[in-house]
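Student: Quick one, structure for this:
(chains A, B, C and D)
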Protein chains: 2
Amino acid sequence: MQKRDKISLSVIRRLPRYYRFLDDLRSNDILRISSRELSERMGITASQIRQDLNCFGEFGQQGYGYNVDLLYNEICKILGVEKGYKTIMIGAGNLGRAIATHMNFGRLGFNLIGIFDNNEYVIGKKLMGIEILPNENLESFCGEYNPTAAILCIPKDSAQEMCDQLIHFGIIGFWNFSHYDLGLLNPNIVVENVHLGDSLMILSYRMQKQMEDVK
Amino acid sequence: MQKRDKISLSVIRRLPRYYRFLDDLRSNDILRISSRELSERMGITASQIRQDLNCFGEFGQQGYGYNVDLLYNEICKILGVEKGYKTIMIGAGNLGRAIATHMNFGRLGFNLIGIFDNNEYVIGKKLMGIEILPNENLESFCGEYNPTAAILCIPKDSAQEMCDQLIHFGIIGFWNFSHYDLGLLNPNIVVENVHLGDSLMILSYRMQKQMEDVK
DNA sequence: TAGATTGTTAATCGATTAACAATC
DNA sequence: TAGATTGTTAATCGATTAACAATC
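Tutor: Now for the predicted structure:
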């Protein structure tokens, strides 16, 4: 699977983007592509593409380039999107409900099997065919079904406590929307903190800059 | 505002995180903090903090550290979150509605003034006190209110076309949720592409890695 | 075979960390 | 004043880009 020992996070963060572009090429029935042409489409250097891919294997062929389908499937495997990690969601408020309905979990490597909330108005309702259960059921649910990933759509204040609890119940991967930086302490878990607010503030900064430059 | 000429994106992307941690310190009535202590809380080096902040000015004091409130306000200004850019949202499906209700735009530098969709079932309904209008009203609306930012919660296929149109109507900043890499062509606009799927795939990769390592 | 393009090494560039004089 | 901690320069580290021999 992997040629090099330690693959840098910079490389890993680019993989999904390759994956998307290759998927696009596939849908357009493009069978082969050179690093140069892909680099032009993606706005990065061909050198970087070749370096990145060679962390994982030799997927190309001199004089030919890369077979789109083959490369797509390799990145699929590298990312592990066929694993379908059993996943629970904590918090079925506005954001949780939107994430649950909007994301194509199956294609992204996850399998949503449980949704939990403490609000009596949503408990018992269904989302994507899944009944929303009260948080108190978490332990027994995890005991029975052994999910490995959790999506946190809960407020900042309860995030760390919930995280600790879930680790105890066997969760090792967290997709965290709670405006809180999870995972600074525990090196045995994997966390993707999604900070939508940060992204918006960065846009604000850059718009400001852009407007100054135009002036 | 700014000491150095060109500030790297790496630095900028860390600013909102400083902002959040400082906000937290404020709420806990902590008046001063040294780069060393902040570095321990944030899990980065003190050196990096001092370097980052010194891109913008000299906000600390030798032997004392940084005044939390002062630094918070400086970062506020740097990020431009007091600007309140007039903003429109395109697409009021699941995700759009959740974003509209969930984000605290005011605190993040934006002011949501219009929401647009083409689905007859949502047109006319209200979200956060704003009536959802049909896309055909976009031009006249922009002509009248001159928004500068747009949030795209629309499908991939229509993203580029919509973007081009909105540039024409005066939009310069895009917060893009459409699974499409906007802004590769036009250097006069500012784009924050939010790829939730990418984040999830990265989690998948890292969980896989984590499980291998434990074995 | 000749042309194209990879995989990989070397060179460059930029970002992070360390060190320390300046100074509160 | 003595201790603490900044701002800043220098050293290190890592990531990106360039170059090119290998080879399809």
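Student: Following element in sequence after the lengthiest strand in chain A, please.
Tutor: With secondary structure taken from DSSP state E, chain A has its longest strand at strand A:110-117. Moving toward the C-terminus from strand A:110-117, the first helix or strand encountered (DSSP states H and E) is strand A:126-127.
Student: Just name whatever secondary elements that following strand is in contact with.
Tutor: helix A:94-102 (3 or more C-beta pairs under 8 Å, 6 or more residues apart in numbering or on different chains; DSSP states H and E). C-beta: built from backbone N, CA, C; applies to glycine.
Student: Give me the distance between the helix it packs on and the centre of its chain.
Tutor: In this view, helix A:94-102 has its centroid 15 Å away from the chain centroid, taken as C-alpha atoms, centre = their mean, to the nearest Å.
Student: same check, this time on stretch A:23-39
Tutor: Relative to its chain's centre, stretch A:23-39 lies at 23 Å (C-alpha atoms, centre = their mean).
Student: Just the buried residues of it, please?
Tutor: In terms of neighbour count (16 or more other C-beta atoms under 10 Å in any protein chain shown), stretch A:23-39 has its buried residues at A:Leu25, A:Arg32, A:Ile33, A:Ser34, A:Ser35, A:Leu38, A:Ser39.
Student: Between these, which sits nearest B:Cys163?
Tutor: Checking the buried residues of stretch A:23-39 against B:Cys163 by C-beta to C-beta gives A:Leu25 as the nearest, at 21.4 Å.
Student: Not counting residues beside it along the chain, what's closest to the closest one?
Tutor: The shortest distance from A:Leu25 to any residue that is not its chain neighbour, by C-beta to C-beta, 6 or more residues apart in numbering or on different chains, is 4.8 Å, and that residue is A:Val68.
Student: roughly how far apart are the one you found and A:Leu15?
Tutor: Separation of A:Val68 from A:Leu15 (C-beta to C-beta, to the nearest Å) stands at 16 Å.
Student: what's the answer for A:Glu139, then?
Tutor: Note on A:Glu139: its distance to A:Leu15, by C-beta to C-beta, is 35 Å.
Student: Looking at those two, which is more packed in?
Tutor: When A:Glu139 is set against A:Leu15 and neighbours are counted by other C-beta atoms under 10 Å in any protein chain shown, the residue ahead is A:Leu15, at 21 against 13.
Student: Run through the residues that contact the more buried one.
Tutor: Contact analysis of A:Leu15 by C-beta atoms under 8 Å, 6 or more residues apart in numbering or on different chains lists A:Asp52, A:Ile75, A:Ile78, A:Leu79, B:Met201, B:Ile202, B:Tyr205.
Student: please redo it, this time with the cut-off set to 10 Å
Tutor: With contact taken as C-beta atoms under 10 Å, 6 or more residues apart in numbering or on different chains, A:Leu15 is in contact with A:Ile7, A:Asp52, A:Leu53, A:Cys55, A:Phe56, A:Ile75, A:Ile78, A:Leu79, B:Asp198, B:Met201, B:Ile202, B:Tyr205.
Student: of all these, which comes closest to DNA strand D?
Tutor: Within the set of those, A:Asp52 lies nearest DNA strand D; the separation is 7.5 Å, counting by C-beta to the nearest atom of the strand.
Student: before we move on, the earlier item: tabulate the buried residues of stretch A:23-39 (a markdown table), appending distance to B:Thr101.
Tutor: Conversion of these to a markdown table gives the following (distance: C-beta to C-beta, whole Å):
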| residue | distance to B:Thr101 |
| --- | --- |
| A:Leu25 | 37 |
| A:Arg32 | 46 |
| A:Ile33 | 42 |
| A:Ser34 | 46 |
| A:Ser35 | 44 |
| A:Leu38 | 39 |
| A:Ser39 | 40 |
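Student: so which of the residues you listed comes closest to chain B?
Tutor: Relative to chain B, the closest of those is A:Ser39; by C-beta to the nearest C-beta it sits at 11.8 Å.
Student: hang on, the closest one in a helix?
Tutor: Yes - assessed with DSSP: H, G, I helix; E, B strand; the rest coil, A:Ser39 lies in a helix.
Student: show me the contacts for it.
Tutor: Under the criterion of C-beta under 10 Å, 6+ apart, the contact list for A:Ser39 reads A:Ile33, A:Thr45, A:Ala46, A:Ser47, A:Gln48, A:Ile49, A:Arg50.
Student: wouldn't the third one be in contact with A:Tyr66 here?
Tutor: No - counting by C-beta atoms under 10 Å, A:Ala46 does not reach A:Tyr66; the two are 11.2 Å apart.
Student: I'd say A:Leu79 and A:Phe110 touch.
Tutor: No - at 11.6 Å, A:Leu79 does not count as touching A:Phe110 under the criterion of C-beta under 10 Å.
Student: Would you mind listing what in chain A touches DNA strand D?
Tutor: Remark: the part of chain A in contact with DNA strand D comprises A:8-11, A:44-45, A:47-48, A:50-51, A:61-64, using C-beta under 7 Å from any atom of the strand.
Student: Alright, calling it a day.
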